[in-house]
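# here is the input, now give the coordinates:
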Amino acid sequence: MLMVTITVLMLLIVVSVKGVELYHKLQVNQARIAQLEQQLADEEKRTAEIEEYEKYTQTKKFVEEVAKDKLGLVYEGEIIFKPEN
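Predicted structure coming up:
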């Protein structure tokens, strides 16, 4: 009878220790899931911004801005006023 009681107590201790370990592992995994979900939301937002920028780059307004800012081009007859330095 004593051996059975000792065996049951040992099993109870082992199960309790493993239960605590699994609970800790669960907490770590839940924190990691929350972090990954936030990262996914951030990347989806970034993807939407990139897609919107891609659409903008295909517009005539964007082409005009690049032509004026980077290449210094203007429409025929257009006058540009530059401040004196």
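# all the helices of the protein, residue numbers only.
Under the criterion DSSP state H, the chain carries helices at the ranges 2-57, 60-69.
# mean confidence score for the first one?
Helix 2-57 carries an average pLDDT of 96.
# on that earlier part again, mean neighbour count for the helices of the chain - can I get that in JSON lines?
Every C-beta, even on glycine, is put in place using the N, C-alpha and C of the backbone. Shown next, in JSON lines, are the helices of the chain (neighbours: other C-beta atoms under 10 Å):
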{"stretch": "helix 2-57", "mean neighbour count": "10"}
{"stretch": "helix 60-69", "mean neighbour count": "11"}
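# who wins for proximity to residue 83 among these?
helix 60-69 (16.0 Å; C-beta to C-beta).
# contacts for that closest one, please.
56, 73-74 (C-beta atoms under 8 Å, 6 or more residues apart in numbering).
# rerun that using 10 Å as the cut-off
53, 55-57, 59, 73-75, 78, 80 (C-beta atoms under 10 Å, 6 or more residues apart in numbering).
# what angle do that helix and helix 2-57 make?
70 degrees (axes from the mean of the first three to the mean of the last three C-alpha atoms, to 10 degrees).
# how far away is the residue nearest to the spatial centre of the chain from residue 31?
Among the residues of the chain, the one closest to the centroid is residue 39, at 2.7 Å (C-alpha atoms, centre = their mean). Distance of residue 39 to residue 31, given as C-beta to C-beta, to the nearest Å: 13 Å.
# again, but for residue 65
Taken as C-beta to C-beta, the span from residue 65 to residue 31 is 45 Å.
# which one among the contacts of helix 60-69 gets closest to residue 19?
residue 53 (50.9 Å).
# now do that closest one against residue 10, distance only.
Where residue 10 is concerned, residue 53 sits at a distance of 64 Å (C-beta to C-beta).
# same question, residue 56
Relative to residue 10, and taking C-beta to C-beta, residue 56 is found at 69 Å.
# do the same with residue 42
48 Å.
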